[in-house]
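> predicted model and sequence follow; I will ask about them next.
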Amino acid sequence: MSSRLVRAFLAEGQKKTADSAAGVAMWNAAVAGTDFYHIINWFFIYSFLGWVWESAYVSIKENRLVNRGFVTGPLCTIYGCGAVAVYLILRPVSENLLLLFLGGIAVPTILEYLTAVLMEYIFHTSWWDYSKNKFNFQGRICLGASLGWGVFTVILFYVLQPFVEWIVSLYPEAVGRVMVCIAGALYLVDFGISFANAMQIGRKLRGMDEVMDEVYEYVQSTRLYESVEELRGRLASYRLSEYGMELKNRLENRVNAVIAFASELTPEERKSRQEAWKAQIEERILSVQKRYEQLKGHGNIFIRRAMNAYPNMKSRAQALKERTARRLDKKSKKQ
């Protein structure tokens, strides 16, 4: 009996030793010359720093508090993945400032484009849009942002990476492993919830697109407006709520197609019809505005947070529609 207990005790000890060795091997596994322990620590720190930067920048720009990022917690995953990937890939050329800058343009831009395509494919939504920026490609990337990534890459190597490494050196590795495991578990839960809700956002945006199409087609059918400024001025005169203002702003992105329909009317005819139709148009827009409010306001706090953080988010169908319209517009101008 005692010999069995001894063998069982030894077997349990060997199992724990093997598990411990496997755990150590995992933390020490190297990628591009850097162990997993440091990579995962850098990832979380850069994700947090990216969240601080992104949220602060957008909050100042929009004059309201914005919690950016795919997950609800204080992390911007794309910054964490991007920063670590850029550092590991470009470290061999870190001594050459020009190559570092050029690589800093190329690598993050490729990552940004692939992320945009992947998120559109999975969630059927476009989370950001550079269409209004010069030298953009499909609204997913643009030259200005790419040049900014190049500058950020240089800053990352010469300022941020030494700072991040200093932070990691402040706590023992055993403590770091525990913190990473806790942070990782919380992140996975947050990511799972955010992923499930992001799947619903696509359906909500498609409903909002249908509402905007209704307003667009109605205003277009009136043939009352000859210029973009004229239509914007009329929209600005309506008594719109916060959601209605967003509806107006989204509608303004489509007004160019409306203008051509007013060219058949004389200025006198158009002015007369505007006065006659003013009340009807306002009533229609305010009615549709209520439906828009219900669509956007309905949902849990995670969905509302994501939609407030990314006000320019579009359904994939709408993004493709706008890209096609821009390509056709460019072709018509060349002709």
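Sure, I can see it.
> could you check how far the nearest residue to residue 94 once chain neighbours are set aside is from residue 87?
Counting by Cβ to Cβ, 6 or more residues apart in numbering, the nearest residue to residue 94 once its immediate chain neighbours are dropped is residue 157, at 5.3 Å. The C-beta positions use only the backbone N, C-alpha and C, and glycine is treated the same way. From residue 157 over to residue 87 the distance is 7 Å, taken as Cβ to Cβ, to the nearest Å.
> helices and strands around the helix or strand harbouring residue 82, which ones?
Following DSSP states H and E, one finds residue 82 within helix 77-90. Using 3 or more Cβ pairs under 8 Å, 6 or more residues apart in numbering; DSSP states H and E as the contact criterion, the secondary-structure elements in contact with helix 77-90 are helix 36-62, helix 97-123.
> residue 82 touches residue 109, doesn't it?
No - with the criterion set as Cβ atoms under 8 Å, residue 82 and residue 109 do not qualify as a contacting pair; they are 10.2 Å apart.
> who has more neighbours, these two?
With neighbours defined as other Cβ atoms under 10 Å, residue 82 and residue 109 compare such that residue 82 has more, 23 against 20.
> low-confidence ranges in this structure?
Within the chain, the stretches with pLDDT under 70 are 1-25, 202-304, 306-309, 311-335.
> could you list the domains of it?
Structural domains of the chain, as assigned by automatic domain parsing, span the residue ranges 30-170, 203-334.
> doesn't residue 200 make contact with residue 123?
No - with the criterion set as Cβ under 8 Å, residue 123 and residue 200 do not qualify as a contacting pair; they are 9.3 Å apart.
> those two - which one has more neighbours?
residue 123 (21 against 15).
> please save the CA atoms from stretch 33-50 in CSV.
The C-alpha trace of stretch 33-50 is given here as CSV (Å, rounded to 0.1, in the frame of the first residue of the first chain):
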residue,chain,number,x,y,z
GLY,A,33,14.8,36.5,-31.4
THR,A,34,12.3,37.7,-28.7
ASP,A,35,10.7,35.4,-26.1
PHE,A,36,6.9,35.1,-25.8
TYR,A,37,6.9,36.7,-22.3
HIS,A,38,8.2,40.0,-23.6
ILE,A,39,6.1,39.9,-26.7
ILE,A,40,2.8,39.5,-24.9
ASN,A,41,3.8,42.2,-22.3
TRP,A,42,4.7,44.6,-25.1
PHE,A,43,1.4,43.8,-26.8
PHE,A,44,-0.7,44.8,-23.8
ILE,A,45,1.3,47.9,-23.1
TYR,A,46,1.2,49.1,-26.7
SER,A,47,-2.6,48.3,-26.9
PHE,A,48,-3.2,50.5,-23.8
LEU,A,49,-1.0,53.3,-25.1
GLY,A,50,-2.8,53.1,-28.5
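> contact partners of that stretch?
Applying Cβ atoms under 8 Å, 6 or more residues apart in numbering, the contact partners of stretch 33-50 are 26-31, 69, 74-84, 87-88, 91, 160, 164-165, 167-168, 173, 176-177, 180, 183-184, 187.
> sort out which of these are buried, if you could.
Burial by neighbour count, 16 or more other Cβ atoms under 10 Å: within the contacts of stretch 33-50 this picks out 69, 75-84, 87, 160, 164, 176-177, 180, 183, 187.
> returning to that earlier point: the helix holding residue 82 to helix 36-62, inter-axis angle?
Computed with axes from the mean of the first three to the mean of the last three Cα atoms, to 10 degrees, the direction of helix 77-90 lies at 130 degrees from that of helix 36-62.
> compute the inter-axis angle for helix 77-90 and helix 97-123.
Here the directions of helix 77-90 and helix 97-123 differ by 140 degrees (the same axes, to 10 degrees).
> hmm, who's touching helix 77-90?
Counting by Cβ under 8 Å, 6+ apart, 31-32, 34, 39, 42-47, 49-51, 53-54, 69-71, 100, 103-104, 107-108, 111-112, 115, 153, 156-157, 160-161, 191 sit against helix 77-90.
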